[in-house]
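# 3D model of this:
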Amino acid sequence: MTPRWLQGFWRLVGLGALSALFLLPFAYMLAFSVKSPSEIFGGSLSLLPATLDGLANYPNALARSPLLRHLWNGLIVCAGILAFQLVFAIPCAYGLAKLRFRGREVVFGLVLFGLLIPIQATSLPIYLGLANFRLLDSYTALIAPFVSSAFAIFLFRQFFRTVPDELLDSARLDGCGEFTIVIRIVLPLAAPTATAFAIFSVVSHWNDLFWPLIVIRSPEYFTPPLGIMGFRSAEAGDRYGELMAATALITAPLVLAFLAAQRRFIEGISLGALKG
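Numbers count the residues shown, from 1 in each chain. Reported below is the predicted structural model:
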């Protein structure tokens, strides 16, 4: 039998190796963001820059593209989508988990079916609908198609099933209606699950290029991925130093948000939000 401490050691080594493998692209992104073009194209694999000339990539990136505006747009879009998703998903998930009505399993089956449908499959009818209402090239076009999330309903439904029915029955005996139970009892308990879902939602829509590329034409509505495309140049070639600097700037908010919410995120997963 292998000693427990040795098992823990090899587990730590394995996790460390996997972490290094996943972090390596980000390390090179940061290294290239502070290197001059001559170092980038010099073929060296060193992470440390030979000079500090490449630090100019960051102010050059901010001067070349309104990245702060793109970051602000990304914040508005992600916050708007997340707010609507929570407003719609939590009551729906509570009903599917704790209320008994005819056709409940059929509705839940439709939710599971919705998980299988990618946005690419419905993009054309959604685009035509937005075009008919003249809503293209706006925040509405970026937010409206994602206000309802089948994954959010599934995630919260799985968590609400772990809430004891006795707790809800006690609230009903005290005269609380279902809406009051959701707001004052269930919602506070679901805070870790909401944080876990928020991480999934924000990362997904912050990095989304497909839908903004279709519905947005005006630079003032560009999201961070669209802003990054401004660093490509067919005539002058790609400025990789500035490109990596811009990528580091738009990635930093996601990293900071995850670090701030990681405890809640892990708690939301471990409480059974993803259990059947």
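# So, low pLDDT: which residues of the chain?
Low-confidence regions of the chain, defined by pLDDT under 70, span residues 1-2, 233-238, 264-276.
# check contacts around the residue nearest to the spatial centre of it.
The centre of the chain sits closest to Val203, judged by Cα atoms, centre = their mean, with a distance of 1.9 Å. By Cβ atoms under 8 Å, 6 or more residues apart in numbering, the contact set of Val203 is Leu254. Where you see a C-beta, it was placed from the backbone N, CA and C, and this is true even at glycine.
# Might you report the residue contacts of Met84?
That one is not Met; residue 84 is Phe. Per Cβ under 8 Å, 6+ apart, neighbours of Phe84: Ile143, Phe146, Val147, Ser148.
# okay, now the first one: neighbour count?
Other residues within reach of Ile143, judged by other Cβ atoms under 10 Å, total 19.
# Quick check: chain neighbours aside, which residue is closest to it?
Gly80 (4.5 Å; Cβ to Cβ, 6 or more residues apart in numbering).
# Look up which helix or strand the one you found falls in, please.
Assessed by DSSP states H and E, Gly80 sits inside helix 67-98.
# continuing past that helix, what's the next helix or strand?
Helix 67-98 is succeeded, C-terminally, by helix 104-114 (DSSP H and E).
# Outside of that following helix itself, which residues are in contact with it?
With Cβ under 8 Å, 6+ apart, helix 104-114 has contacts from Gly95, Leu96, Ala150, Ile153, Phe154, Arg157.
# Who's the closest spatial neighbour of the third one, skipping the chain neighbours?
In other words, Ala150. Closest to Ala150 by Cβ to Cβ, 6+ apart is Gly114, at 3.4 Å.
# That neighbour: neighbouring residues, count only.
Summarising burial for Gly114: neighbours were counted as other Cβ under 10 Å, giving 14.
# got it, and Ala93?
Around Ala93 there are 26 residues (other Cβ under 10 Å).
# Over to Leu24?
Neighbours of Leu24 under the rule other Cβ under 10 Å: 11.
# Work out for me the element it sits within.
helix 4-33.
# now for that helix, which elements pack on it?
With contacts defined as 3 or more Cβ pairs under 8 Å, 6 or more residues apart in numbering; DSSP states H and E, helix 4-33 has these neighbours: helix 240-268.
# Any chance of TSV for the contacts of Phe84, columns secondary structure?
Putting these into TSV (DSSP: H, G, I helix; E, B strand; the rest coil) gives the following:
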residue	secondary structure
Ile143	helix
Phe146	helix
Val147	coil
Ser148	coil
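# What's the PyMOL line that selects buried ones from those?
Those of those that count as buried under 16 or more other Cβ atoms under 10 Å are selected in PyMOL with:
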select buried, resi 143+146
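# count of neighbours near the closest residue to Leu99 other than its chain neighbours?
Distances taken as Cβ to Cβ, 6+ apart put Glu178 closest to Leu99, at 7.3 Å, once the chain neighbours are dropped. Applying other Cβ under 10 Å, we find 16 residues neighbouring Glu178.
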